[in-house]
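any chance you could fold what I've pasted below:
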Amino acid sequence: MSTIEVYTNSFEVVELPSAAWFHYDEITPDAVVKRRNYEIMDRVQLENAAVFNPRAVYDGRKNLFCKRDIPSGSYSMTFGRRQSKTFQVLIKRVSVISPNDVRKLTRKRSPHDFSDNAMSLNLLQLIVRQAPNMRHNFPADARSFYIAHNAKDLRNGLSAWRGFFQSVRPVMDRLVINVDVSHAAVYTPGRLVDTMLAHLQLRDVRALTDLSNPQLAQLRLFLKGVRVKATISRMKARPITDLVREAGMQEFDKDKERWTVARHFEQKYNVQVRFPRMVGVRVGQTAIIPAEFLEIVPGQLYRKKIPPACQKDFLQFSTQKPHERLRDIQNAVSGQGQLFDYATSDFMKEAGMKVSTNPMSITGSVIPPPGISYRNEQVRIGYSQGKWNVLGKQFIEPCTLRFWGVAVFDRASDADVKNFLTKLVGNLERAAVANRFPPFLMGNPNNPEPTLIEVGKRSMDPRFASPGEKPHPQLILVILPANAADCRRAVKHWGDIKMRVSTQCVRSPKWLTANDQYCNNVVLKINARLGGTNSVIDSDAAAFLRNGCMVVGADVGHPGPGAAVRPSVTGLVASVDGAVSKLTSYANVQQPRQEIIEDLESMMIGALSDYLAYQRTVTPNPPPPRNVIFYRDGVSEGEFAQVAAREIPLIRSAFVKSNIPEKFMPKLLFVVVGKRHHVRFFPKEYVFRSQADNSGNCPAGLLIDQHITNPNYPDFYLQSHAGLLGTSRPGHYVILENETGLNPRQVQTLTYHLCHTYASATRSVSIPAPRICSRMEFHCEDGAGLSDTASNVTGGNAEVDLDMWKRAFKPTALNKRMYFL
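Below you'll find the model as predicted:
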């Protein structure tokens, strides 16, 4: 194992707060909107400047921190257009945060120390974020702020903005600030009419006078809650509550007669409503404003799923080479722009905090990759490459493809399809193809099921059946157009759920221009779907796996932003063989945004049963697994203790309920895998092959297990994959339980080598266990109707009908056939 020096996007806090801070968390009244809370507290501090000196830092909710001991009590402030309303704000002190409380964050906590240091960390976050966030008009507690400079128009009424993320992180013996480049879609600022036209892809403003009901519903969903300001008055920015047809023609009572909105604007503001029949907006309960007089306030984040039409442009905008990303981070912290204001922030100065302007330089290691064994040879992966070539290699366990057919939903000629199939069958030689000329049929992508049924029937050619065998379709190859999400959803539901037939999709234009590499990737998936084994790893870690190990990956997939009535999806994938090449899987739904896997016990019982069932095909009376290696994805740092306290007992309960004798009870290794973080690593010399891969990223196998690790849990960062586009994101692994006897370095090597076992890739992947939580729409009959957009609500607090979702969510009989590849 070699060592390597790298930069990380963390900046050390060289001087910590030296004085006590007083904490207040009972602040009333509490406004519903956080923005109004900031306005109220800002007025309180201005009108009581003698008391709030120096100024306090506030999180917009219930937490206020001040170096001065502000007397608990009621403070008055005026509000309203003419300062006509007087409010009484009650503030109550609850605790004092001492410098020692801050230093505790960097020390390993005693098992008997149950003190909560979260508020100390919240204080530091506010001190650090206050100045840059206020400067760029973002809430004081926002983790990221964005700037309009060099923004990219995504069309569709959205723009891509670049910004920066910052977070104070306690690591062993020090505090650091993790700074990263961040990207977000925002509502394109400017004329509201222009955004309406762009979103509906209309050119003529007059088209907004005659919108269809679906167009109006689409626009309402897009714009609801967006803050707008008038161009003809000093009206404060207000959120859109609804859209109104023919806004200028709407009537209301004024001076004992009926007035139109257009007449009102002409008299009060001396402006003519040019398009009175155009759709307008409602703000508040009753006020209607024609869209032509409104502008969208800059900097409003689009918090829903980015539309498919915008995703390619957004990805291109957000992709940065490692050295470019590090340069932008350094410039933001210490360059001329001084975007973070760490050196000049009054809040930082008042707290006595100082931050280094240089990114940390740390020492890491590079774990050697395993060997990759095929039937005819073993592949040695080069240093830092993270990939290998399958050309000329024979699968360890090839499957014979006899009953298969092709459904074509793309616009293509028979000659194009035959040409592709010839290439594919040639590459399938590494498996085994009894039927080299499968039937194919053209079909309607808007109604794929009849074509799939007919292809399934034609695939059952009796010439390839054994005596007395009743043929059943093994596989249907499906050729899709470039943009065919609905068709693919219908295909997968038909194959995975209704008919229990494996389906392999290929998409235009890739299949039309397919080369050997593309066909090889398709063949890898086909052989694994049919139950074959493509390759196995060869190393000391592999020997440990073969000695009675079950590798498990589990995750919870939460509904996307804006989806209020969708459940969360739980998924579990487990190996049943020593090569980790044959997997079983389970999935279900549960209450939205609940992180604990409710059905973990029953999923584990099913996985253990599948493990023993497979092992019986190899040896009579097999023992249960000696070790269970459990990788849990998607747990935030604040949930470590909760997951350890609730899920580890559920796993152990599954061992007991599976009737495993005490002396054969499996040893558990429970590791949390995190990918939703902002820690990055950068090679010091990205131009040298020994320091970086071809993409300029750190080499595959990079291990960081010191300097920036957690003070309370054994953890490490592992960049297991070679870079493709942009800056690679390492996995963050936290060990919550280890009964296996493996030492930390063995756990790290095992984890890295498992990243080479993914059946559909000839490169190491980013995490060691596959995920299936993204497939919910394939499990439901009406997948399209259950999309994020369809399940949005227009107001109020929606409740999820979990029983309805459980009825709609159908299990698959292909769960032992790696249907998720």
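
where does this protein have its least confident helix or strand?
For the chain, scoring each helix and strand by mean pLDDT, DSSP states H and E identifies strand 432-433 as the least confident one, at a mean of 77.

which elements pack onto that strand?
Packing partners of strand 432-433 (3 or more C-beta pairs under 8 Å, 6 or more residues apart in numbering; DSSP states H and E): strand 400-401. For glycine as for every other residue, the C-beta is placed from the backbone atoms N, C-alpha and C.

what's the separation between the closest residue to Leu154 other than its chain neighbours and Phe317?
On the basis of C-beta to C-beta, 6 or more residues apart in numbering, the spatially nearest residue to Leu154 that is not a chain neighbour turns out to be Cys310, at 4.2 Å. Taking C-beta to C-beta, to the nearest Å as the measure, Cys310 and Phe317 are separated by 10 Å.

returning to what we had before: contacts only, for the residue nearest to Leu154.
Leu154, Arg155, Asn156, Leu158, Ala185 (C-beta atoms under 8 Å, 6 or more residues apart in numbering).

before we move on, what about Leu216?
Leu216 makes contacts with Leu243, Arg245, Val279, as judged by C-beta under 8 Å, 6+ apart.

one more time with 7 Å
Residues in contact with Leu216, defined by C-beta atoms under 7 Å, 6 or more residues apart in numbering, are Leu243, Val279.

name the SS class of it, please.
Of the three states, Leu216 takes helix according to DSSP: H, G, I helix; E, B strand; the rest coil.

neighbours of the closest residue to Val618 other than its chain neighbours, how many?
Taking C-beta to C-beta, 6+ apart, and ignoring the residues beside it in sequence, Val618 has Asp577 as its nearest neighbour in space, at 7.9 Å. Neighbour count for Asp577, taken as other C-beta atoms under 10 Å: 20.

in this structure Asp577 contacts Ala613, no?
No - with contacts defined as C-beta atoms under 7 Å, Asp577 does not count as touching Ala613, sitting 11.5 Å away.

mind pulling the model confidence for the residue nearest to Leu154?
We note a pLDDT of 92 for Cys310 in this prediction.

quickly find the element holding it.
Per DSSP states H and E: Cys310 is located in helix 308-318.

A helix includes Arg282, no?
No - in this structure, Arg282 is strand, not part of a helix, as judged by three-state DSSP.

and the residue nearest to Thr451 when sequence neighbours are not counted, backbone torsions?
Leaving aside its chain neighbours, Thr451 sits nearest to Gly443 (2.8 Å; criterion: C-beta to C-beta, 6+ apart). Phi and psi for Gly443, reported as degrees, to the nearest 10, are phi -140, psi 170.

wait, isn't Gly443 in contact with Asp410?
No - contact criterion C-beta under 7 Å: Gly443 and Asp410 do not qualify, at 9.9 Å.

so Leu46: helix, strand or coil?
Following three-state DSSP, we place Leu46 in the helix state.

residues near it, how many?
For Leu46, the tally of surrounding residues (other C-beta under 10 Å) stands at 11.

can you tell me how far it sits from Arg55?
For Leu46, the distance to Arg55 equals 9 Å [C-beta to C-beta].

repeat for Leu175
In this view, Leu175 and Arg55 are 23 Å apart by C-beta to C-beta.

of the two, who's got more company?
Comparing Leu175 with Arg55 by other C-beta under 10 Å, the one with more neighbours is Leu175, at 22 against 17.

leaving out chain neighbours, which residue sits closest to the more buried one?
In this structure, Leu175 finds its nearest non-sequential neighbour in Val13, 4.2 Å apart by C-beta to C-beta, 6+ apart.

beta-bridge partners for the one you found, please?
With beta bridges defined as DSSP bridges, Val13 has these partners: Val355.

which residues does it contact?
With contact set as C-beta under 7 Å, 6+ apart, Val13 has these partners: Leu175, Val176, Ile177, Met353, Val355.

which SSE is Ile648 in?
According to DSSP H and E, Ile648 maps onto helix 640-657.

and Pro239, by the same measure?
Element membership for Pro239 (DSSP H and E) is strand 238-244.

same deal with Phe65?
When the helices and strands are read off by DSSP H and E, the one containing Phe65 is strand 64-66.

hmm, who's touching that strand?
Outside of strand 64-66, the residues that reach it under the criterion C-beta under 7 Å, 6+ apart are Trp21, Phe22, His23, Tyr24, Ile27, Phe52, Ala56, Val57, Tyr58, Ile91, Leu123, Leu126.

redo those as JSON lines? Include distance to Asp204, secondary structure and pLDDT.
What follows is the contacts of strand 64-66, written out as JSON lines (distance: C-beta to C-beta, whole Å; DSSP: H, G, I helix; E, B strand; the rest coil; pLDDT from 0 to 100):
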{"residue": "Trp21", "distance to Asp204": "58", "secondary structure": "strand", "pLDDT": "94"}
{"residue": "Phe22", "distance to Asp204": "60", "secondary structure": "strand", "pLDDT": "94"}
{"residue": "His23", "distance to Asp204": "57", "secondary structure": "strand", "pLDDT": "94"}
{"residue": "Tyr24", "distance to Asp204": "55", "secondary structure": "strand", "pLDDT": "91"}
{"residue": "Ile27", "distance to Asp204": "51", "secondary structure": "strand", "pLDDT": "71"}
{"residue": "Phe52", "distance to Asp204": "54", "secondary structure": "coil", "pLDDT": "90"}
{"residue": "Ala56", "distance to Asp204": "52", "secondary structure": "coil", "pLDDT": "90"}
{"residue": "Val57", "distance to Asp204": "50", "secondary structure": "strand", "pLDDT": "91"}
{"residue": "Tyr58", "distance to Asp204": "47", "secondary structure": "strand", "pLDDT": "90"}
{"residue": "Ile91", "distance to Asp204": "55", "secondary structure": "strand", "pLDDT": "90"}
{"residue": "Leu123", "distance to Asp204": "54", "secondary structure": "helix", "pLDDT": "94"}
{"residue": "Leu126", "distance to Asp204": "49", "secondary structure": "helix", "pLDDT": "93"}
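
mind checking how far the residue nearest to Val618 is from Val673?
The spacing between Asp577 and Val673, counted by C-beta to C-beta, is 22 Å.

what's the answer for Leu223, then?
The separation that Leu223 has from Val673, given C-beta to C-beta, amounts to 38 Å.

give the helix, strand or coil label for the closest residue to Thr78 other than its chain neighbours.
Here the nearest residue to Thr78 in space, its sequence neighbours aside, is Thr86; by C-beta to C-beta, 6+ apart that works out to 5.4 Å. State at Thr86, reduced to three classes by three-state DSSP: strand.

and the pLDDT at Thr86?
Looking at Thr86 specifically, the model assigns a pLDDT of 74.

tally of neighbours for it?
When neighbours are defined as other C-beta under 10 Å, Thr86 has 10 of them.

show me what contacts Val57?
The contact partners of Val57, by C-beta under 7 Å, 6+ apart, come to Phe65, Leu126, Ile127, Gln130, Ala140, Phe347.

the residue nearest to it when sequence neighbours are not counted: how many residues sit nearby?
Distance criterion C-beta to C-beta, 6+ apart; nearest residue to Val57, sequence neighbours excluded, is Leu126 at 4.4 Å. Burial measure for Leu126: 23 neighbouring residues, criterion other C-beta under 10 Å.

go on, the one 4 residues further on?
As a burial measure, the neighbour count of Gln130 was computed by other C-beta under 10 Å and equals 22.

the residue nearest to Thr78 is in contact with Ser76, isn't it?
Yes - contact between Thr86 and Ser76 holds when scored by C-beta under 7 Å: they sit 6.0 Å apart.

any idea how far the residue lying closest to Val455 once chain neighbours are set aside lies from Leu424?
Leaving out its chain neighbours, the residue that sits closest to Val455 by C-beta to C-beta, 6+ apart is Gly405, at 3.9 Å. Here the criterion is C-beta to C-beta. By it, Gly405 lies 13 Å from Leu424.
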